[in-house]
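[1] Coordinates only, no sequence provided:
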């Protein structure tokens with residue numbers, strides 16, 4: 001019987017990315033909705049790692065299942081690494097859509113020249129589970145096993161902030177995150193290509209070996 005892995009997100013775009021990225025693993029990958037969880041965990045941490053662990057541990061305790069959660073966001077150098085952990089809430093409660101948050105970002109960068117519009121997407125993935133999910137401490141000596149914490153990894157990708165949105169795919173800040181090496185924004189590339197190079201795929205590649213170990217492969 002396959003181990004079940006809960007992807008702890010309500011973001012359907014992010015869920016689709018994980019389902020593709022983890023499709024070759026011997027795991028039954030389900031969403032919070034699939035297991036009947038509607039609780040939304042407030043991201044009160046000061047770092048991506050804080051928030052990833054907060055969500056992974058909370059949902060693992062609620063479901064009793066192996067749980068993967070991430071916190072990710074955009075860090076813009078000219079804005080002192082903002083929006084950072086506030087990427088999904090940039091501009092406060094009055095901004096309710098990705099488009100509004102992107103517009104605010106571009107407004108805040110109006111006077112910033114191209115060479116200074118450097119930025120990065122960062123992703124921290126945390127995996128939590130019960131004592132039945134503990135990994136071999138000799139294989140992963142730097143990972144925590146207390147209180148349901150199993151492993152965490154970090155992924156990132158660097159780029160530039162476009163002057164205006166481009167592309168119809170992706171979500172969040174993808175339409176303005178430009179990669180000079182391929183001359184496209186994240187919203188202009190296919191999901192398949194994005195999943196080869198993104199911050200989330202970078203982190204996922206690092207966490208796959210841990211998941212293989214947990215699944216007994």
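    Looks like it came in fine. Fair warning: this is a prediction, and the values are worked out from it, not measured in the lab. Numbers count the residues shown, from 1 in each chain.

[2] Run through the helices of the protein in chain order.
    Assigned by DSSP state H, the helices in the chain fall at 12-21, 48-63, 98-108, 191-197, 199-214.

[3] mean pLDDT lowest for which of the ones you listed?
    Of all the helices of the chain, the minimum mean pLDDT falls on helix 12-21 (a mean of 85).

[4] what angle separates it from helix 199-214?
    Going by axes from the mean of the first three to the mean of the last three C-alpha atoms, to 10 degrees, helix 12-21 is angled at 50 degrees with respect to helix 199-214.

[5] so residue 49 sits right up against residue 126, yeah?
    Yes - using C-beta atoms under 8 Å, residue 49 makes contact with residue 126 at a distance of 7.3 Å. C-betas here are computed from N, CA, C, even on glycine.

[6] Quick check: neighbours shared by the two?
    Common contacts of residue 49 and residue 126, defined by C-beta atoms under 8 Å, 6 or more residues apart in numbering, comprise residue 152.

[7] Between these two, tell me which one has more neighbours.
    It is residue 126, of residue 49 and residue 126, that has more neighbours when counted by other C-beta atoms under 10 Å, with 28 against 16.

[8] I'd say the more buried one and residue 60 touch.
    No - using C-beta under 8 Å, residue 126 is not in contact with residue 60; the gap is 9.7 Å.

[9] Contacts for the helix or strand of the chain with the lowest mean pLDDT, please.
    The helix or strand of the chain with the lowest confidence, counting by mean pLDDT, DSSP states H and E, is helix 12-21 at a mean of 85. The contact list for helix 12-21 (C-beta under 8 Å, 6+ apart) reads 7, 9, 29, 31, 68, 70, 170-172, 191-192, 194-195, 198, 200-201, 204.

[10] Swap in 10 Å and give it another go.
    Helix 12-21 is contacted from outside by 5, 7-9, 11, 29-34, 68, 70, 72, 98, 123, 125, 169-172, 174, 191-192, 194-196, 198, 200-201, 203-205, 207-208, using C-beta atoms under 10 Å, 6 or more residues apart in numbering.

[11] In that helix, which residues are buried?
    When burial is assessed from 16 or more other C-beta atoms under 10 Å, helix 12-21 yields the following buried residues: 14-15, 17-18, 21.

[12] Same question for stretch 186-195.
    186-189, 194-195.

[13] Tell me the one of the residues you listed nearest residue 53?
    residue 195 (24.1 Å; C-beta to C-beta).

[14] State the distance from that closest one to residue 100.
    27 Å (C-beta to C-beta, to the nearest Å).

[15] What of residue 190?
    26 Å.

[16] Give me the angle between the longest strand along the chain and helix 98-108.
    In the chain, with assignment by DSSP state E, the single longest strand is strand 149-161. When the same axes, to 10 degrees is applied, the directions of strand 149-161 and helix 98-108 differ by 60 degrees.

[17] what helices or strands is strand 149-161 leaning on?
    helix 48-63, strand 66-76, helix 98-108, strand 118-128, strand 177-179, strand 184-185, helix 199-214 (3 or more C-beta pairs under 10 Å, 6 or more residues apart in numbering; DSSP states H and E).

[18] No more questions from me, cheers.
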